[in-house]
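# sequence and predicted structure are below.
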Amino acid sequence: MTSLHEKLHDIYDEVAQRNPGETEFHQAVYEVLTSLGPVVAKHPEYADNAVIHRLCEPERQIIFRVPWVDDSGAVQINRGFRVEFNSALGPYKGGLRFHPSVYLGIVKFLGFEQIFKNSLTGLPIGGGKGGSDFDPKGRSPQEVMRFCQSFMTELYRHIGEYTDVPAGDIGVGTREIGYLFGQYKRITNRWEAGVFTGKGLTWGGSQVRTEATGYGTVFFVDEILRAAGDSFDGKRVVVSGSGNVAVYAIEKVQALGGIVVACSDSGGYIVDDKGIDLDLVKEIKEVRRGRIDEYADARGNGARFVAKQSVWEVPCDIALPCATQNELTGSDAGALIESGCRIVAEGANMPCTPDAVKYFSEAGVTFAPGKAANAGGVATSALEMQQNASRDSWTFEETEARLAEIMGRIHHTCLSTADEYGQPGNYAAGANIAGFIRVADAMLALGLV
Ligand code: NDP
C-alpha cells in the first residue's frame with residue numbers, strides 16, 4: 001500500500017475502526033486519501049477544518065426491510081439501503097444496485113466514489129448510492145415488479161427532485177426504474193420526473209442516458225489517444241461484462257474503428273477474433289436475458305466461450321473493465337502488461353484492485369480511474385434532470401455532443417490538476433484532487449453542517 005500523509009493517516013485509521021468489516025469502503029477511502037497528500041500540504045485548511053473527516057462520514061444512512069411475495073406464494077425478505085453521502089454540491093445523486101453481494105460496505109464505497117465523480121462533472125449533484133441484496137436473476141417479471149414496489153414503499157419518503165435522485169446500476173435497468181418510478185408516482189400522487197434518472201424515453205427519460213456510461217468511457221479513452229496523436233483505428237479492445245456499460249462501450253469502440261475481441265459475464269468470457277457481433281450480444285443479453293455462453297454457438301465462426309476464466313487473459317491494446325468491483329487483480333494486470341496492453345479505463349466502479357493499479361503505473365500503462373472515465377453516466381443523468389426541470393427534451397445528437405464535451409472537460413481537468421500537483425499524466429491523482437477540491441470548497445462555504 002502507498003503510504004499516507006501524516007494528517008490523513010489518523011483519518012483513515014478512524015474510518016477503518018468505525019466501519020468494521022466494510023472492506024470495499026476502506027479501499028475506496030484509502031485510494032482517495034493517497035492522492036490528497038499534496039493538497040493538504042499546500043492547503044492545510046482542509047485538514048484543519050475537518051472537511052476530510054466529514055467527507056468520510058455519510059450525512060445519512062438508511063437501511064430497511066423489503067418484504068415481498070414470490071410466485072410460489074412464499075414470503076421473501078430482502079434488505080434495502082440508501083446512503084446519502086454528501087449534498088454540498090446538489091441533491092444526493094447515485095444509482096441503485098440489486099445484487100446478492102450488496103451490503104452496507106458496498107453501498108458506502110459506491111456512495112463515497114460518487115461524491116468525487118459527481119463533483120468532477122462540474123454539474124450541481126451531490127453523492128449517494130443505494131440498492132438491495134435482492135437477486136433479480138431467475139426471477140419472473142412479476143416478482144421483480146413486486147420487489148420494486150415494496151422497495152419503493154419505504155424509499156419514497158427519503159427521495160425527491162430536490163433531495164435525492166436515484167438511477168440504475170447493476171441489476172437495475174429501465175424496466176426496474178419503470179416499476180420504481182410507477183410506485184413513487186402512485187404513493188405520492190406526483191408526476192415528479194426529476195426524482196429518478198434513467199427513465200424510458202416516453203416517460204421523462206433523456207436520449208443517450210442508456211448509452212452514456214459506455215459511450216463516455218470510450219470518449220475518455222479517445223481523448224487519451226488523441227492527446228498522444230493516436231486513435232482507436234485497428235486497436236484490439238477487451239471489455240469485461242455484457243451489461244449496460246459494456247454493451248455501449250463496445251458499440252462506441254466499434255464506431256470509432258476499434259475491434260472488440262472479447263467480453264464476458266459472471267459465467268466466463270467469449271473471444272471472437274473477427275470482432276464481437278454486438279447485435280447478437282444485445283439479442284442475448286437485452287432481449288432473451290440469457291447468458292454470454294450462448295454467443296459462441298449462435299455465432300458459429302470460430303468464436304469460443306471460455307468458462308470461469310478471466311477475460312484479461314485475452315491479449316489486447318486497450319482494456320475496459322465494465323463489470324464490477326475488484327474484477328481485475330494484480331495477476332490479471334500482469335497478463336495484460338505482458339500482452340502489450342497500453343491503456344486501461346474503468347467503465348465499472350473500482351474494477352481494478354490496488355495491486356493492479358500499482359502494476360499499471362510501474363509498467364507505464366495509462367490508467368483512467370472510474371471516477372473520471374465512467375462519469376458520463378451520471379453527467380447525462382444530470383442532463384436528464386435539466387430537461388425534466390425545464391420540461392424540455394433534446395435530440396440524440398445534441399445530448400451526445402454535450403456528453404462528449406463533458407468527457408473532454410473531465411479529461412482536461414484531470415491532466416491539468418495532476419500537473420498542478422506535481423504528478424503529470426496521473427489521471428487517478430488528477431481526478432481525486434479535482435473532485436475533492438470542488439466539494440471541499442463548497443463544504444467550507446456552507447459551514448459546519
Ligand atoms: P449490469 O447489471 O447491466 O451489468 C453488469 C455486468 O457485469 C453483467 O454482464 C454481469 O454478468 C457482469 N458481472 C457482474 N459480476 C461479475 C463478475 N464477478 N465477473 C464477471 N462479470 C460480472 O450493470 P452495469 O453495466 O450498469 O454496471 C456495471 C458497472 O458499471 C458497475 O460497477 C456499476 O457500478 C458501474 N457503473 C454503471 C453506471 C450505469 O450508468 N449503469 C454508471 C457508472 C458506473 P452477470 O449477468 O453474469 O451477473
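Done, it's in.
# now do the residue of the chain found nearest the ligand against V253, distance only.
When scored by C-beta to the nearest ligand atom, the chain has G243 as its residue closest to the ligand, at 1.8 Å. All C-beta atoms are positioned from the backbone trio N, CA, C, and that covers glycine. Distance of G243 to V253, given as C-beta to C-beta, to the nearest Å: 16 Å.
# who has more neighbours out of these two?
Neighbours were tallied for G243 and for V253 using other C-beta atoms under 10 Å; the higher tally belongs to V253 (27 against 22).
# right, and the more buried one touches V239 too?
Yes: with contact defined as C-beta atoms under 8 Å, V253 counts as touching V239 (7.5 Å).
# pull up the overlap in contacts between those two.
Listed contacts common to V253 and V239 are V260, L320; contacts here mean C-beta atoms under 8 Å, 6 or more residues apart in numbering.
# circling back: the residue of the chain closest to the ligand and P166, how far apart?
Using C-beta to C-beta, we find G243 at a distance of 18 Å from P166.
# for the longest strand along the chain, buried residues please.
Longest strand in the chain by number of residues (criterion: DSSP state E): strand 75-86. Neighbour counts over strand 75-86 (16 or more other C-beta atoms under 10 Å) mark Q76, N78, G80, F81, R82, V83, E84, F85, N86 as buried.
# name the nearest residue to the fourth one, sequence neighbours excluded.
Closest residue to F81 in three dimensions, ignoring its sequence neighbours and counting by C-beta to C-beta, 6 or more residues apart in numbering: V107, at 4.6 Å.
# surely that neighbour and G80 touch.
No: counting by C-beta under 8 Å, V107 does not reach G80; the two are 9.9 Å apart.
# now stretch 145-158: how far from the chain's centre is it?
Relative to its parent chain, stretch 145-158 has a centroid offset of 23 Å by C-alpha atoms, centre = their mean, to the nearest Å.
# residues making contact with it?
60, 62, 64-69, 76, 78, 80, 82, 84, 98, 130, 132, 134, 136, 139, 164, 166, 176, 179-180, 182-184, 187-188.
# surely V237 is within a strand?
Yes: counting by DSSP: H, G, I helix; E, B strand; the rest coil, V237 is located in a strand.
# list phi and psi for the nearest residue to F181 once chain neighbours are set aside.
Leaving out its chain neighbours, the residue that sits closest to F181 by C-beta to C-beta, 6+ apart is F196, at 4.9 Å. Main-chain torsions, F196, degrees, to the nearest 10: phi -140, psi 150.
# the longest strand of the chain pairs with which strands, and in what direction?
Strand pairing for strand 75-86, using DSSP bridges, gives strand 60-69 (antiparallel), strand 127-132 (antiparallel).
# now do the very next helix or strand once past the last one against strand 75-86, angle only.
Downstream of strand 127-132, the first helix or strand assigned by DSSP states H and E is helix 141-155. The directions of helix 141-155 and strand 75-86 differ by 50 degrees, with axes from the mean of the first three to the mean of the last three C-alpha atoms, to 10 degrees as the criterion.
# quick one: is the helix or strand following helix 141-155 near the ligand?
Following helix 141-155 in sequence order, the next helix or strand is strand 164-167 (DSSP H and E). No: Strand 164-167 is not in contact with the ligand by C-beta under 6 Å from any ligand atom; minimum separation 6.7 Å.
# thank you, goodbye.
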